[in-house]
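Visitor: 3D model of this:
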Amino acid sequence: VTHYLARTTKLTALNKDGTFKWSRPINSNTRSSPAIGADAQIYIGGNGLLYAITHAGAGKWTFPVTGDVSSSPVIGPDGTVYVGTRSGYLYAITPGSSSGTQKWSRSGLGAMHVTSPAISPDGSTLYVDGGNYLHARYTSNGNAKWSHNFGTSTTSSAALSPDGSTVYTGSGDGNLWSFNASTGAVNWQKPVGFKPAVTSASPAVGADGTIYLGSNYGSLYAINPDGSEKWIYEAKWDIRSSVAINADGTVILASHDGYIRGLDSATGAEKWHHLLPGNLYASPAIAPNGKIVIASMSGTVYGNVWGTPPTTTPPSDLSITMQSDTQVALTWQDNSPDEYGFRVERKKGATGLWVAMPNVIDPTTKLPTVGPGVTTYVDSGLLSGQTYYYRVCAFQSGGNSGYTNIATVVTPGVRAPDGLTAAPVSESQVDLSW
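Guide: Model prediction:
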């Protein structure tokens, strides 16, 4: 078993135990995932090129295309390689021992940023999203079978029902769409969050025909083939990749906050979770042993991921010191040897909600507030005359540990009034209340 990973300007092969096997340069940063043919030949896109690489890492040939290939090639039953570009070109290429030969090409399909084609079970039709359209094209000559204009762009890839009679795709209009694969007639459309909820994820279809699609607002939808809702799972952080489905039907979900979850396909209930130290954009892959392999945005590949690890030992002895009227310093005892970091949470007032404080390096991520081994945090910008509560937990593969004791501080000064409202009484009078 070999794992292949495309990152920046390289295609890297790892042995099944995660050790380095080989690396092959690509001429540009790529988001293209490799496709592997029946002969173990690997195909991957770059800027203006399709690469054919042997399983040993040797370059076999390149084929020039118009535009950057940031989506993944697909391979037809007869070995033909299909690939789209961000310049709106779609190619069918016949691979040879020393070169690739163009079977046909078509232009004007709209930008295929991260949209990969899907092929009908009989190999006769290609379905691909480009620009504002879903296109159905004959594989024999590239001619149009039908197309649908969403009126807005899509970066979702199409997926087919198990019998190939229905094609599904997500659109920037916030809907999951179902089409008759033969005619292009719309079967139904299903809202999957606020517009534009669907911008990155693509639908995945289970063996029973259930369609799974995540939104950038953190909801994973399970939809029955007739368009009715089966269940919704709230990951509470955006979902930018497609799910994978294990042999036992477990739905494997990766969310941007670093969590991988195994969900029951019948109910959507969480069976297990595993937290990785980095944001997740890539889709999970399932190894022959059923365990999960996935790469994080930090550039690390993780293997043998499965089940909920035990949580780590919680920190203790949280204390707080006023440094000024609007700033406090927190300190605590680190009791765990393996944390990813610590999450500091704060609430304002006894009835307030606990809110995680942002990461000190990159506030846009949902990483720990501070890194491993750090036992201090400074919180500034506090309001006068307020009571603030703090607690800290360790952050590790099993998720959050238990919390420290709660530390409380009352900032000096007079509490500012709130809830100001204004009501007009006449043309020259307004009543204020607070």
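Visitor: how far away is Lys271 from Val305?
Guide: With distances defined as C-beta to C-beta, to the nearest Å, the gap from Lys271 to Val305 amounts to 13 Å. Glycine gets a C-beta too; all of them are placed from N, C-alpha and C.
Visitor: more neighbours, those two?
Guide: The residue with more neighbours, out of Lys271 and Val305 and counting by other C-beta atoms under 10 Å, is Val305; that gives 20 against 15.
Visitor: Now do the contacts for the more buried one.
Guide: The neighbourhood of Val305, defined by C-beta atoms under 8 Å, 6 or more residues apart in numbering, consists of 260, 274, 276, 284, 291-294.
Visitor: and with 10 Å instead?
Guide: For Val305, the residues meeting the contact criterion (C-beta atoms under 10 Å, 6 or more residues apart in numbering) are 252, 254, 260, 262, 272, 274, 276, 284, 287, 291-294, 397.
Visitor: Let's see the PyMOL selection covering just the buried ones among those residues.
Guide: In PyMOL, a selection of the buried entries from these looks like this (16 or more other C-beta atoms under 10 Å):
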select buried, resi 252+254+260+262+274+276+284+292+293+294+397
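Visitor: out of the contacts of Val305, which one sits closest to Tyr138?
Guide: The shortest separation between Tyr138 and any of the contacts of Val305 is 33.0 Å, and it belongs to Pro284 (by C-beta to C-beta).
Visitor: My guess is the closest one contacts Tyr259. True?
Guide: No. Because the distance of 11.2 Å does not satisfy C-beta atoms under 10 Å, Pro284 is recorded as not touching Tyr259.
Visitor: And for Cys239, the neighbour number?
Guide: No, residue 239 isn't Cys; it's Ile. By the criterion of other C-beta under 10 Å, Ile239 has 27 neighbours.
Visitor: In three-state terms, how would it be classified?
Guide: Under DSSP: H, G, I helix; E, B strand; the rest coil, Ile239 falls in the coil class.
Visitor: Isn't it up against Pro203?
Guide: No. Taking contacts as C-beta under 10 Å, Ile239 lies outside contact range of Pro203: 11.9 Å.
Visitor: what touches both of these two?
Guide: Here Ile239 and Pro203 have 213-214, 221 as joint contacts, going by C-beta under 10 Å, 6+ apart.
Visitor: Let me see the ranges of the strands in the stretch 101-250 of the chain.
Guide: 118-119, 125-130, 133-138, 144-149, 159-160, 166-170, 175-180, 186-191, 204-205, 211-214, 219-223, 229-234, 244-245 (DSSP state E, counting those that start in this stretch).
Visitor: Of those strands, which is nearest Gly76?
Guide: Between Gly76 and the strands of the stretch 101-250 of the chain, the tightest spacing by C-beta to C-beta is seen for strand 118-119, at 5.6 Å.
Visitor: Run me through the strand neighbours of that closest one, direction for each.
Guide: In its sheet, strand 118-119 lies beside strand 125-130 (antiparallel), with partners assigned from DSSP bridges.
Visitor: in the partner strand, what counts as buried?
Guide: By 16+ other C-beta under 10 Å, the buried positions in strand 125-130 come out as 125-130.
Visitor: How about stretch 83-95?
Guide: Of the residues in stretch 83-95, 83-93, 95 count as buried by neighbour count, 16+ other C-beta under 10 Å.
Visitor: Tell me which entries of those lie within strands.
Guide: If you go by DSSP state E, the buried residues of stretch 83-95 have 83-84, 90-93, 95 in strands.
Visitor: before we move on, the earlier item: tell me, what's touching Pro284 and Tyr259 both at once?
Guide: Common neighbours of Pro284 and Tyr259, using C-beta under 10 Å, 6+ apart, are Leu253.
Visitor: From Leu213, how far out is Gly84?
Guide: Between Gly84 and Leu213 the distance is 21 Å, computed by C-beta to C-beta.
Visitor: Gly349 too?
Guide: Distance of Gly349 to Leu213, computed by C-beta to C-beta: 39 Å.
Visitor: Neighbour count: these two, which is higher?
Guide: Neighbours of Gly349 and Leu213, each counted by other C-beta under 10 Å, are more numerous for Leu213; the result is 29 against 10.
Visitor: Tell me, how many residues neighbour the closest residue to the more buried one other than its chain neighbours?
Guide: For Leu213, ignoring the flanking residues on the chain, the nearest one in space by C-beta to C-beta, 6 or more residues apart in numbering is Pro203 at 4.6 Å. By other C-beta under 10 Å, the residues close to Pro203 number 27.
Visitor: I figured Pro203 was touching Leu134, is that so?
Guide: No. Pro203 sits out of contact with Leu134 when judged by C-beta under 10 Å, with a separation of 12.0 Å.
Visitor: Which neighbours do the two have in common?
Guide: Common neighbours of Pro203 and Leu134, using C-beta under 10 Å, 6+ apart, are 156, 158, 167-169, 177.
Visitor: out of the residues you listed, which is most surrounded?
Guide: Counting neighbours by other C-beta under 10 Å, the top entry in those is Tyr168, with 29 neighbours.
Visitor: How much space separates the nearest residue to that residue once chain neighbours are set aside from Gly79?
Guide: Closest residue to Tyr168 apart from its sequence neighbours, by C-beta to C-beta, 6+ apart: Pro203 at 4.6 Å. Computed as C-beta to C-beta, the Pro203 to Gly79 distance reads 26 Å.
Visitor: What of Ser433?
Guide: 75 Å.
Visitor: Same drill for these two, tell me which one is more crowded.
Guide: Taking other C-beta under 10 Å, Ser433 and Gly79 do not tie; Gly79 has more neighbours (13 against 9).
Visitor: Contact partners for the more buried one?
Guide: Shown here is Gly79, whose contacts under the criterion C-beta under 10 Å, 6+ apart are 37-39, 41, 93-95.
Visitor: Asn15 against Val293, yeah?
Guide: No. The pair Asn15 and Val293 does not pass the contact test of C-beta under 10 Å, sitting 12.0 Å apart.
Visitor: what touches both of the two?
Guide: Common contacts of Asn15 and Val293, defined by C-beta under 10 Å, 6+ apart, comprise 1, 3.
Visitor: now stretch 405-420: how far from the chain's centre is it?
Guide: The chain centroid and the centroid of stretch 405-420 are separated by 39 Å under C-alpha atoms, centre = their mean, to the nearest Å.
Visitor: could you give the mean pLDDT of that stretch?
Guide: When pLDDT is averaged along stretch 405-420, the result is 84.
Visitor: which of the residues in stretch 160-169 are buried?
Guide: For stretch 160-169, a neighbour-count test (16+ other C-beta under 10 Å) marks 160-161, 164, 166-169 as buried.
Visitor: repeat for stretch 129-138
Guide: Applying a neighbour-count criterion of 16+ other C-beta under 10 Å, the buried positions in stretch 129-138 are 129-137.
Visitor: same question, stretch 43-56
Guide: Residues of stretch 43-56 classed as buried by neighbour count (16+ other C-beta under 10 Å): 43-53, 55.
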